[in-house]
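Chemist: A predicted structure for the sequence below; I have some questions about it.
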Amino acid sequence: MHAAVIPAVDAPPVYRDHPDPAECHGDEMVVEVLAAGLHHLTRAKANGSHYSSNGVYPLVPGVDGVVRDKEGNVRYVVLDDTALGTFADRTLIDPRRSVILPDGIDPVRIAAAMNPAMSSWVALRRRVDFQAGQRVLVLGATGNAGRMAVQIAKLFGAAQVIAAGRDTTRLRALTALGADETITLDQIGHAADVDVVIDYVWGESAAGAMIPMLTARADRTAPLAWIQIGSVAGQTAPIPSAALRSARLQIVGSGIGSVPARDFLAELPELASAVAAGAIDVRARAVPLAQVTQAWTAETEDRIVFVP
């Protein structure tokens, strides 16, 4: 079979022949890959910068995807740590980490949406006690996961969703997806009285926004849940001690490890149904896996999805 293979850390993937997978245990299943998304997590695990990377090379990347099993069932699957990911003609899965998809579903759409959508979906479902009618601020709303977070917060019944980012053109487009207000990061005080922050930014930007935001809150004793998901502005953030003392602020993370795998898996069927039903707008671009080297670092607003 063919696969995208990363021979060493920091090396780009190369499309080449690769040994076929073989089932070694009763809970393993060889499947045909139909579509696999190129996510930030995929790149980070591949280059060793993600905290869940295992440092094993050569590596076939791909953390999830849409596959077809021997019985003809189409599944969305999330892989555990493995050197054989979904950027291949075939891969090896644990069917317990998958969900069977309905007939007629678009594999490219599902492969593009599930990983970025899962970040905010699981965060609101599993990391905080989110209630319909609460107000949400999305930091980094112009990215792929951020624009989905705006939609998911609305889908869950948020009374107000404020989208924050740097690109004003992309921000304006978010009103059509459910954003009630759009602001730039230096206008964060306008979002002072939200109940939940979904943060894809972190770094100096997030830390610098906290004190102005907390200072402007009408009631500092009102709970504020700050969910840290991404870190596009920096891996570390110098949080002022006053931020934790002067307001009822709770900072939590959401990701691999902070949410048990069983909780992620429990959310897959409903999320897949929402994506399939068109409840979440998806930008996807199918690219032949043979072009993986060129597409690996491509800059695009669409989520790249590799297909055989």
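Modeler: Done, it's in.
Chemist: residue ranges with poor pLDDT in the chain?
Modeler: The chain contains residues with pLDDT under 70 at 52-54.
Chemist: can you pull out the helices in it?
Modeler: 40-47, 107-122, 144-155, 168-173, 203-215, 241-245, 261-276, 292-295 (DSSP state H).
Chemist: how near is G143 to E270?
Modeler: G143 sits 23 Å away from E270, going by C-beta to C-beta, to the nearest Å. Using the backbone N, CA and C atoms, a C-beta is placed for each residue, glycine as well.
Chemist: more neighbours: those two, which one.
Modeler: Of the pair G143 and E270, G143 is the one with more neighbours under other C-beta atoms under 10 Å, namely 20 against 12.
Chemist: ok, the nearest residue to the more buried one once chain neighbours are set aside - how many residues close by?
Modeler: In this structure, G143 finds its nearest non-sequential neighbour in Y200, 6.0 Å apart by C-beta to C-beta, 6 or more residues apart in numbering. The tally of other residues near Y200 (other C-beta under 10 Å) stands at 28.
Chemist: and of the helices of the chain, who's closest to C24?
Modeler: helix 261-276 (20.5 Å; C-beta to C-beta).
Chemist: buried residues, stretch 10-20. List them.
Modeler: 13, 15, 18 (16 or more other C-beta atoms under 10 Å).
Chemist: so what's the gap between it and the chain middle?
Modeler: 24 Å (C-alpha atoms, centre = their mean, to the nearest Å).
Chemist: contacts for that stretch, please.
Modeler: 1-7, 30, 46-47, 60-61, 87-88, 90, 289-293, 296-297 (C-beta atoms under 8 Å, 6 or more residues apart in numbering).
Chemist: just the buried ones from the residues you listed?
Modeler: Buried members of these, scored by 16+ other C-beta under 10 Å, are 2-6, 46-47, 60-61, 87-88, 90, 289, 292, 296.
Chemist: relative to D69, which of the residues you listed is nearest.
Modeler: Nearest to D69 among these is R90, at 10.9 Å by C-beta to C-beta.
Chemist: show me what contacts the closest one?
Modeler: 1, 20-21, 30-33.
Chemist: the most centrally placed residue in the chain and G37, how far apart?
Modeler: In the chain, the centroid-proximal residue (C-alpha atoms, centre = their mean) is P116; its distance is 2.6 Å. Counting by C-beta to C-beta, the gap from P116 to G37 is 8 Å.
Chemist: who touches both of these two?
Modeler: Common neighbours of P116 and G37 (C-beta under 8 Å, 6+ apart) are R303.
Chemist: could you list the buried residues of stretch 96-110?
Modeler: 97-99, 101, 105-110.
Chemist: can you lay out these as TSV showing distance to R303?
Modeler: Shown next, in TSV, are the buried residues of stretch 96-110 (distance: C-beta to C-beta, whole Å):
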residue	distance to R303
R97	21
S98	20
V99	19
L101	18
I105	16
D106	13
P107	13
V108	9
R109	10
I110	11
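Chemist: nearest to Q151, of those residues?
Modeler: Nearest member of these to Q151, counting by C-beta to C-beta, is R109, at 14.3 Å.
Chemist: what's around the residue nearest to that closest one when sequence neighbours are not counted, how many residues?
Modeler: Spatially, and ignoring its direct neighbours in sequence, R109 is nearest to V282 (5.2 Å; C-beta to C-beta, 6+ apart). V282 has 23 neighbours, counted by other C-beta under 10 Å.
Chemist: list the contacts of the closest residue to D281 other than its chain neighbours.
Modeler: Take D281 and drop its neighbours on the chain: the residue closest to it by C-beta to C-beta, 6+ apart is L177, 5.8 Å away. Residues near L177 by C-beta under 8 Å, 6+ apart: 147, 150-151, 281.
Chemist: what is the nearest of those to Q250?
Modeler: Of the contacts of L177, the one sitting nearest to Q250 (C-beta to C-beta) turns out to be V150, at 21.7 Å.
Chemist: what count of nearby residues applies to that closest one?
Modeler: V150, neighbours per other C-beta under 10 Å, totals 27.
Chemist: go ahead and confirm it touches L139.
Modeler: No: at 11.3 Å, V150 and L139 do not qualify as touching, with contact defined as C-beta atoms under 8 Å.
Chemist: how near is the residue nearest to G143 to G234?
Modeler: From Y200 to G234 the distance is 12 Å (C-beta to C-beta).
Chemist: and the nearest residue to H2 once chain neighbours are set aside, backbone torsions?
Modeler: Leaving aside its sequence neighbours, H2 sits nearest to D89 (C-beta to C-beta, 6+ apart; 5.4 Å). Per-residue torsions, D89: phi -60, psi -40 (degrees, to the nearest 10).
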